[in-house]
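Participant: Return a 3D structure for these sequence lines:
(2 chains)
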Amino acid sequence: MKKIYYLFNVLIVSLFFSCGKLDNYAEPGETLKGSLIDVVTNKPLITEQPNGFKILLLESSWSANPQPQTFWGKADGTFTDTKLFTGTYKVIPIEGAFFPVDTATVKLSGVVSQNFNVTPYLTVTATSSVSSGNLNVSYTISRSKIGDKIIDSRVFVSTNPNVGNNIFTSSLSPFRDLSSIDDSVILTTTFNETISGLVAGKTYYVRVGARTNNPSKRYNFTEIKAVTP
Amino acid sequence: MNKNKNILLLLCILISTVACHNLDIPPMNIIQDKDVFTKESGVKAYMTSLYKDLPIEDFNFSGGGFHQTYCFPGIYNCTGEALLNPANMFNIGSPQGDWWQYWGYGQVRNVNYFLSTFPKYASTFTTDKANAWLGEAHFMRAYNYFAMVKRYGGVPIIKEVQNYPTQSLEELSVPRDPEQAVYDFIGQDLDSAILLLPAVSAELGRVNKYVAYALKSRAMLYAGSIAQYGSIQLNGLLGIPAADAQKYYQASYDASIALDGHYSLYRKYSDKFENYWHLFLDDNSPENIFCEYYKYPEKGHGFDTYCIPQQMWGPQGYSSMINPTLEFVELFDDINGNSGALKINDNSGNAIRFTNTIDIFNNVEPRLRGSVILPGDIFKGESIEIYKGIYESYPTGILHTSAAQGIELFNGKGIRGKSGIGYNYSTGTGFFNRKYQNPDMPKSQVLEGHSVQKYIDIRYGEILLNRAEAAYQLNKKDDALTAVNDIRDRAGAMLLTADQLTAQSIQKERRMELSFENQTYWDLRRWRIADQLMNNKQYTALYPYWVSNENKFIFQKVQIGPIYTFDVKVYYTTIPTDEILKNNKLIQNPGYN
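Facilitator: Prediction:
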């Protein structure tokens, strides 16, 4: 009886031994990087993370209709993926606050850089100042190409340096519903906000965002500014 | 001797083999079509399984899917109606695209099989009977497709039974049809059902012509609002052209009108609060259109067990899985038509003192009391004590709070009452739900799987709201106002005037009337307002405190729980990835790749 048990154990062990062979395919090691250049400012298009933009990859070497793969871009408008297989990829930035971009085809081997010129839905320009404990922000919205209706804007304030639509303090972040205001009026208005209730001596991070009624409801942002009331 | 044995064996084999002259017979251990579809009991058994598989969002529906045995009502966390108790509330954050899945092609296949096979045997029954069954099958198919289209947008329309390996894989991989085509297909199926079904249900719980009208009223209203508020994406797989909105609203309106005179609002009790909560428990309500029934022990649910206030919890120790938020409570204007925002401070900012916790709710709408157990209100003949703590004096005195399961005392008074805030398995917001809770269940019976109150899937109240919403969009404002005011009168609310009637006020009415009925989540999606309501949103609790030296209560509003953001991609559910792997013609919804 004991002998059978022993043999049985050997059998099981030998079953596992057969799984010992390593995958013979080398791990992916090619790098695709680049940035989205905002055609208005000629600088990388600043967004937030996540929900900034994604890079869609279609590996077209094997099939005309491949499974799409994506990765998130960074908040500063750059993107990097260091774990890709060699191959020919169609690359498209998607789901960001910019008009659709043409596909680029990239032969990936080693480190490949691919920049995209993107036209943002909106461009927001803001100035801010601190006076007697209050934060005053004034901003204007402009655009270089007409897209969807402008629906809202907001001054985002948080003590977190990654402030954006993912992270903000609701009570300190005044929201403007612009959906019933005509775009031509919005584009010629200077919006002023006075934010009170900040704690003196604490550092706050401020940015302004505005968005059109785009399918992913993405904001176009200004750069993040640190203020200390 | 051995030789004889061998011969005998050979003979045996020969004899037995000869007997098998006809090997090609139908398997004896599988019930054949002719056995099922030629007997009434067989057809009924088949139908029963179709009913059982219907994706009704009943008490056993959760983020994990349908027919769950251990099932917290989680969908109210995705709408702002309620939070789970503090021990669980952080488990459900912002709504995700892969929750509430239903890829129901197994069920659709069973219906298609019935629709293609049953007509061959239909002559064994009277025409009326055969038609009624076919009508039920058309209703089931529409119900299944509606459950899918409201989640995924356009899905493949499969009208015939697929066969493998007779059909090639290429043939079996069907691409998605446009969202509009699916809604049109649902409309056609329901029209067939309306023609075929009898006017009166054959048995309790089975559908009739008017149930089909009712589902049509709902489905076409959804199509209308997708056309009005949605946008066209993926080359039309998602979205409906805005120009067609009126067509769908008209179809919904016509279907709602067809129910006139066949169902009515429940008005059995003259007290509007009593009337409203009884509506969900009374089996003879003229408002019930389509219900799912339960029976112990074969089929029960645990709604009471999960939701009951802590002071009445059953032997298993569950409680407080639906804690309505203050935002939801304040949606309801008071009986004089004033804002429902609770006044906790006087004009100079000092906390107002109350003798009892219920006093702050003196003028609330009866429907709110019927939907929510307010602090200090009566349930099962007991006052539900909900305190957050005790101040020795206010505002400067020491504050006592308690996180213990039992009742900790201060000066002989329970610090958090019998069901109060602080303990992780009691309410977190200061409220419990009342709608659907059975007030007659003995404490020892408050167990999982022991509750048997029916789930009302479609009731006439919803039809009136469908009618109001469609009529408003069709510019029949008088008709919309009559329907909304019918609902408001039954609820005990002030009637709306003609200028108070807007698309927003009709939406708000629907959120109040159909709260905790698994409707609001889908409504917020189809109106495309979920992302506005849930943008970095944290919900509020109402904390009642006892001020010991004054013998009075005060209230505070405090934000609790996770922060919710509704990502716009969640307006469409993720197509299950394993389905895409099986069928590479399926295109994933935007935002999920």
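Participant: list the contacts for the residue nearest the centre of chain A?
Facilitator: Nearest to the mean C-alpha position of chain A, by Cα atoms, centre = their mean, lies residue A:52 at 1.9 Å. Residues in contact with residue A:52 (Cβ atoms under 8 Å, 6 or more residues apart in numbering or on different chains) are A:72-75, A:77, A:96, A:218. (C-beta placed from N, C-alpha, C; glycine too.)
Participant: tally of neighbours for residue B:364?
Facilitator: By the other Cβ atoms under 10 Å in any protein chain shown criterion, the neighbourhood of residue B:364 contains 22 residues.
Participant: before we move on, back to that, now flag whichever of the contacts of residue A:52 is closest to chain B.
Facilitator: When the contacts of residue A:52 are compared for distance to chain B (Cβ to the nearest Cβ), residue A:218 wins out at 8.9 Å.
Participant: Make sure that closest one is actually in contact with residue A:94.
Facilitator: No: using Cβ atoms under 8 Å, residue A:218 is not in contact with residue A:94, being 10.7 Å away.
Participant: what do these two both touch?
Facilitator: Counting by Cβ under 8 Å, 6+ apart, the residues touching both residue A:218 and residue A:94 are residue A:53.
Participant: Strands of chain B, start to end?
Facilitator: Assigned by DSSP state E, the strands in chain B fall at B:82-83, B:288-292, B:323-324, B:372-373, B:378-379, B:382-383, B:389-391, B:399-400, B:409-410, B:413-414, B:432-433, B:455-459, B:537-547, B:552-564.
Participant: can you pull the contacts of the residue lying closest to residue B:131 once chain neighbours are set aside?
Facilitator: Among residues not flanking residue B:131 along the chain, residue B:196 sits closest, at 4.4 Å (Cβ to Cβ, 6 or more residues apart in numbering or on different chains). Each residue near residue B:196 by Cβ under 8 Å, 6+ apart is listed here: B:131-132, B:134-135, B:138.
Participant: picking that back up, among residue A:218 and residue A:94, which residue is more densely surrounded?
Facilitator: The neighbour comparison of residue A:218 against residue A:94 (other Cβ under 10 Å) goes to residue A:218, with 23 against 18.
Participant: What helix or strand is that one located in?
Facilitator: If you go by DSSP states H and E, residue A:218 is not part of any helix or strand.
Participant: Contacts only, for it.
Facilitator: A:47, A:51-53, A:95-97, A:121, A:211.
Participant: For these, point out the one with the lowest pLDDT.
Facilitator: Comparing pLDDT over the contacts of residue A:218, residue A:51 scores lowest. The value there is 83.
Participant: so how many other residues sit close to residue B:182?
Facilitator: By other Cβ under 10 Å, neighbour count at residue B:182 equals 25.
Participant: nearest residue to the spatially most central residue of chain B other than its sequence neighbours?
Facilitator: Centroid-nearest residue in chain B: residue B:518, 2.7 Å away (criterion: Cα atoms, centre = their mean). Leaving out its chain neighbours, the residue that sits closest to residue B:518 by Cβ to Cβ, 6+ apart is residue B:57, at 4.0 Å.
Participant: Correct me if wrong: that neighbour contacts residue B:516.
Facilitator: No: contact criterion Cβ under 8 Å: residue B:57 and residue B:516 do not qualify, at 11.6 Å.
Participant: Between these two, which is the more surrounded one?
Facilitator: Neighbours per residue, other Cβ under 10 Å: of residue B:57 and residue B:516, the larger number sits with residue B:516, 24 against 20.
Participant: Let me see the contact set for residue 95.
Facilitator: I went with chain A, as the question did not name one. Residue A:95 neighbours (Cβ under 8 Å, 6+ apart): A:53-54, A:216, A:218, B:590-591.
Participant: Switch to chain B, please.
Facilitator: The neighbourhood of residue B:95, defined by Cβ under 8 Å, 6+ apart, consists of B:78, B:521, B:530, B:534, B:564, B:566-567, B:570.
Participant: Mind checking which of those are in helices?
Facilitator: Secondary structure from DSSP state H places B:521, B:530 of those in helices.
Participant: So which of the contacts of residue B:95 reach chain A?
Facilitator: Applying Cβ under 8 Å from any Cβ of the partner chain to those, one finds that residue B:567 fall near chain A.
Participant: Report the two of the contacts of residue B:95 separated the most.
Facilitator: The most widely separated members of the contacts of residue B:95 are B:521 and B:567, with 14.4 Å between them, by Cβ to Cβ.
Participant: Now the particular helix or strand that has residue A:106 in it: buried residues?
Facilitator: Per DSSP H and E, residue A:106 falls inside strand A:104-108. For strand A:104-108, a neighbour-count test (16 or more other Cβ atoms under 10 Å in any protein chain shown) marks A:106, A:108 as buried.
Participant: ok, residues contacting it?
Facilitator: Counting by Cβ under 8 Å, 6+ apart, A:30, A:32, A:60, A:84-92, A:112, A:114, A:116 sit against strand A:104-108.
Participant: Just give the nearest non-adjacent residue to residue A:44, would you?
Facilitator: Leaving aside its sequence neighbours, residue A:44 sits nearest to residue A:77 (Cβ to Cβ, 6+ apart; 3.1 Å).
Participant: what's the burial count for that neighbour?
Facilitator: Quick note: residue A:77 (other Cβ under 10 Å) scores 22 neighbours.
Participant: contacting residues around stretch B:544-560?
Facilitator: If you take Cβ under 8 Å, 6+ apart as the criterion, stretch B:544-560 is touched by B:83, B:86, B:89, B:326, B:342, B:344, B:351-357, B:359-360, B:375-376, B:386-394, B:397, B:399, B:410-411, B:413, B:428-430, B:538-543.
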